[in-house]
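> only geometry, no sequence info:
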């Protein structure tokens, strides 16, 4: 068996930490849904969407500025000096947001959906004020190749938050307790990371660097706001056109759809860093296309598995009041699949000289999402929201494919890919039928197997060979 290289170990640690941070919330779902009223869980989903939006606004894209400006320095002391300046800027922003958020919470309460109390909104804003003090030091750890420290601090916060949430809910603190647990975990993580950052780089402030960093980060922040229209705005619209109970059902289904992203992440962590090396290497276009086909096939297989297994998990693990969530999973899984496909086939758009194509596609997607979410949501309720998300992600996928092929052509077997995608979507539709538990479990195995066999028949993946696998592992 080949030993793992340092690069592979770091990739594994980073990928595992991200997967665990997201996966722990999914593992906590049965406990939380049994200890929170459905409307309260709906409020918690609104809180998560506020946190997603607020982290974009408060973070100001300074983590990306860290990568850009520190990465541009060759001398070690200058890298530390630049990191200190950007970190100090995040402290300044946080020091402004804490009192401003505390004072403005009562006023903002009137504009936030879900009927959150002023106290709850203050807790959310307090967590957001700490995000910059967390994101930049985490970015610095990655730049220093300190994967173990990154894993420990990141996963440690998720575990601490989960443990405190259990305690708070058992004490009967409800949603206030969940938010208080989040604040305690965020404060603990920010204190540890601040101490590590100060030990490494100290403090520093430069008006010129701050100005450059903010100018560089604003377009990144704008891109983040565009992404919010596809991941966060849906809860706000749903709270406005339906009820918090519907938001709760939607949130449960969305967490199961997130499994598609989590399960495909190991492939992404392996492929994304090497895709340009592959593209510009010998037989680059053919090899890049081949590996992309592997990822696309894997994504469709995972989507089919999740589509059939999610209703089983909802039925077995969650309260009976959440059974409606099983009817929402297929469209959300389709949206997640379209999003992951877009991430795999967008290679051509990044192979050009500029990133204007990606910005234009994301801007169009944001406008379409905003319009369809409100129009279809008001007309059809939760199913309108689901259809809007799937439609917009599908449109984004098509735009990325067309633009990428125009900018840097790759020889995709288009007919084969369309055929297997249609076949996978057919299985997603079938997963919504009323099946017995035994039948559904059987289909959880047979449906993805049929997708894999079709992919082999179409030449998208090579035939399985145990001898070949043994040879690669040796």
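Ah, there it is. All figures in this text were calculated on a predicted structure; none of them were measured in a lab.
> helix or strand: which one has residue 453?
helix 437-457 (DSSP states H and E).
> need the helices for the stretch 301-450 of the chain, in chain order.
329-345, 347-350, 356-380, 382-407, 414-430, 437-457 (DSSP state H, counting those that start in this stretch).
> ranges for the helices of the stretch 1-150 of the chain?
Under DSSP H, counting those that start in this stretch, the stretch 1-150 of the chain gives helices at 6-27, 29-35, 38-59, 62-71, 76-108, 118-129, 131-143, 147-170.
> of the ones you listed, which approaches residue 356 most closely?
Evaluated with CB to CB, these place helix 62-71 nearest to residue 356, the distance being 17.2 Å. Yep, even glycine has a C-beta here, placed from its N, CA and C like the rest.
> now the helices of the stretch 301-450 of the chain as a markdown table including distance to residue 69?
Formatted as a markdown table, the helices of the stretch 301-450 of the chain follow (distance: least, CB to CB, whole Å):
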| stretch | distance to residue 69 |
| --- | --- |
| helix 329-345 | 26 |
| helix 347-350 | 21 |
| helix 356-380 | 21 |
| helix 382-407 | 28 |
| helix 414-430 | 40 |
| helix 437-457 | 44 |
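> comparing these, which gets the lowest mean pLDDT score?
Among those, helix 347-350 carries the lowest mean pLDDT, at a mean of 76.
> tell me which element residue 462 is part of?
Residue 462 belongs to no helix or strand, assigned by DSSP H and E.
> around the closest residue to it other than its chain neighbours, how many other residues sit close by?
Leaving aside its chain neighbours, residue 462 sits nearest to residue 456 (7.6 Å; criterion: CB to CB, 6 or more residues apart in numbering). Burial of residue 456 is recorded as 14 neighbouring residues (other CB atoms under 10 Å).
> correct me if wrong: residue 456 contacts residue 450.
No. The criterion here is CB atoms under 8 Å, and residue 456 misses it with residue 450 at 10.8 Å.
> how about low-confidence regions in the stretch 101-250 of the chain?
220 (pLDDT under 70).
> follow-up on the earlier one: how about JSON lines for the helices of the stretch 1-150 of the chain, with mean neighbour count and distance to residue 192 added?
Output for the helices of the stretch 1-150 of the chain, formatted as JSON lines (neighbours: other CB atoms under 10 Å; distance: least, CB to CB, whole Å):
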{"stretch": "helix 6-27", "mean neighbour count": "16", "distance to residue 192": "15"}
{"stretch": "helix 29-35", "mean neighbour count": "18", "distance to residue 192": "26"}
{"stretch": "helix 38-59", "mean neighbour count": "21", "distance to residue 192": "19"}
{"stretch": "helix 62-71", "mean neighbour count": "20", "distance to residue 192": "17"}
{"stretch": "helix 76-108", "mean neighbour count": "17", "distance to residue 192": "14"}
{"stretch": "helix 118-129", "mean neighbour count": "21", "distance to residue 192": "16"}
{"stretch": "helix 131-143", "mean neighbour count": "23", "distance to residue 192": "9"}
{"stretch": "helix 147-170", "mean neighbour count": "18", "distance to residue 192": "6"}
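> for residue 244, find the nearest of the ones you listed.
helix 38-59 (3.2 Å).
> what angle do the closest one and helix 6-27 make?
For helix 38-59 against helix 6-27, the angle by axes from the mean of the first three to the mean of the last three CA atoms, to 10 degrees is 140 degrees.
> got a list of what residue 139 touches?
By CB atoms under 8 Å, 6 or more residues apart in numbering, the contact set of residue 139 is 63, 66, 67.
> let me know the closest of those residues to residue 104.
For these, the nearest to residue 104 is residue 63 (24.7 Å; CB to CB).
> residues contacting that closest one?
135, 136, 138, 139.
> test my guess that residue 330 contacts residue 430.
No. Residue 330 is not in contact with residue 430 according to CB under 8 Å; the separation is 9.1 Å.
> ok, those two, which is more surrounded?
Neighbour count, other CB under 10 Å: between residue 330 and residue 430, residue 330 has more, with 26 against 15.
> give the contact list for that one.
307, 428, 429, 431, 432.
> repeat for residue 171
residue 177.
> check the one 4 residues further on too.
Residues in contact with residue 175 (CB under 8 Å, 6+ apart) are 36, 40, 43, 44, 47, 120.
> ok, and the closest non-adjacent residue to it?
Closest residue in space to residue 175, ignoring its immediate chain neighbours: residue 40 at 4.9 Å, by CB to CB, 6+ apart.
> got it, and residue 68?
residue 216 (5.9 Å).
> over to residue 404?
Excluding the flanking residues, the one nearest residue 404 by CB to CB, 6+ apart is residue 348, at 3.1 Å.
> wait, that neighbour touches residue 410, no?
Yes. Assessed by CB under 8 Å, residue 348 is found in contact with residue 410 at 6.1 Å.
> so residue 460, which of the three states?
Three-state assignment for residue 460 (DSSP: H, G, I helix; E, B strand; the rest coil): coil.
> residues near it, how many?
Count around residue 460 with other CB under 10 Å applied: 22.
> ok, it to residue 415 distance?
Distance of residue 460 to residue 415, computed by CB to CB, to the nearest Å: 11 Å.
> same check on residue 231?
For residue 231, the distance to residue 415 - CB to CB - is 32 Å.
> kindly report the same for residue 92.
Counting by CB to CB - residue 92 and residue 415 are separated by 56 Å.
> between residue 231 and residue 415, tell me which one has more neighbours.
residue 231 (17 against 9).
> for that one, helix, strand, or coil?
Criterion first, three-state DSSP; result for residue 231: coil.
> what sits closest to it if chain neighbours are left out?
In space, residue 231 is closest to residue 52, 6.6 Å off (CB to CB, 6+ apart).
> just checking, that neighbour touches residue 234?
No. Judged on CB under 8 Å, residue 52 makes no contact with residue 234 at a distance of 10.9 Å.
> which one is residue 217 nearest to, not counting chain neighbours?
Residue 217's closest residue in space is residue 61 (CB to CB, 6+ apart), at 3.2 Å.
> for the one you found, give me its contacts.
Going by CB under 8 Å, 6+ apart, residue 61 touches 216, 217, 218, 219, 220, 221, 224.
> relative to residue 197, which of the residues you listed is nearest.
Nearest member of the contacts of residue 61 to residue 197, counting by CB to CB, is residue 217, at 18.3 Å.
> so what's that closest one up against?
60, 61, 62, 64, 65.
> for residue 124, give its distance to residue 97.
Residue 124 is 12 Å from residue 97, by CB to CB.
> same thing with residue 294?
The value you get for residue 294 to residue 97, if CB to CB is used, is 44 Å.
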